[in-house]
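Enquirer: Predicted model and sequence below, questions to follow.
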Amino acid sequence: LMHPGGRRLENLVRCNFTCPDLATMAKEMTIKCDNCSENKLTNVVKDGQLPLKQEEQLKSFDLLSVNLCGPWQIKCTFVKTSTTKNKRSYTRRTTVVKILALTMINEAASWPEIAPIKNKKA
């Protein structure tokens, strides 16, 4: 097998991940790959695109991806303003909140749903 080329490899990876300088990394990877350079087709001017998902392949809810995410710790700062006569005062309160989530994706429609949960127990 060989890689699909720098641009197509970048587009394929970008479907699921994000990374700074992804285009440069994909180009370097395909240039340095021995297998790619041996099997490279020359004089072919087709600049393809990734195939679109066909609606006939999956019906809605045929495939459902479910994942438990977290815990994430988020630092929240709450500011309360109070005004007395000609003076305005601010009160800051910082708390750390732990967040857990259940993610569900309908693969046929690529429709995500996220629901907060209290714990990861059944």
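Expert: Perfect, I can see it now.
Enquirer: all contacts plus neighbour counts: C-alpha atoms, from now on.
Expert: Noted.
Enquirer: Break down this structure into its helices, ranges please.
Expert: Along the chain, counting by DSSP state H, helices occupy 6-14, 22-32, 34-39.
Enquirer: For this protein, which element, helix or strand, carries the lowest mean pLDDT?
Expert: Every helix and strand of the chain was ranked by mean pLDDT, DSSP states H and E. The lowest is helix 34-39, at a mean of 69.
Enquirer: okay, which residue of this structure is out on the far edge from center?
Expert: In the chain, residue 85 marks the outermost C-alpha relative to the chain mean, sitting 50.5 Å out by Cα atoms, centre = their mean.
Enquirer: And it, how close does it get to residue 92?
Expert: Counting by Cα to Cα, to the nearest Å, the gap from residue 85 to residue 92 is 21 Å.
Enquirer: can you check residue 8 too?
Expert: 50 Å.
Enquirer: who's more crowded, those two?
Expert: For residue 8 versus residue 92, neighbours defined as other Cα atoms under 10 Å are more numerous around residue 8 (18 against 9).
Enquirer: Model confidence at the more buried one, what's the number?
Expert: Reading off the confidence values, residue 8 has pLDDT 81.
Enquirer: Equivalent analysis for the one 10 residues further on, please.
Expert: In this model, residue 18 is scored at 79, pLDDT.
Enquirer: Backbone dihedrals for it, please?
Expert: Torsion angles at residue 18 (phi, psi; degrees, to the nearest 10) stand at phi -130, psi 140.
Enquirer: tally of neighbours for residue 10?
Expert: 19.
Enquirer: Next, the contact list for it, please.
Expert: Going by Cα atoms under 8 Å, 6 or more residues apart in numbering, residue 10 touches 22-23, 26.
Enquirer: any idea which of these is the one closest to residue 117?
Expert: residue 22 (34.1 Å; Cα to Cα).
Enquirer: doesn't residue 112 make contact with residue 67?
Expert: No. Using Cα atoms under 8 Å, residue 67 is not in contact with residue 112; the gap is 11.2 Å.
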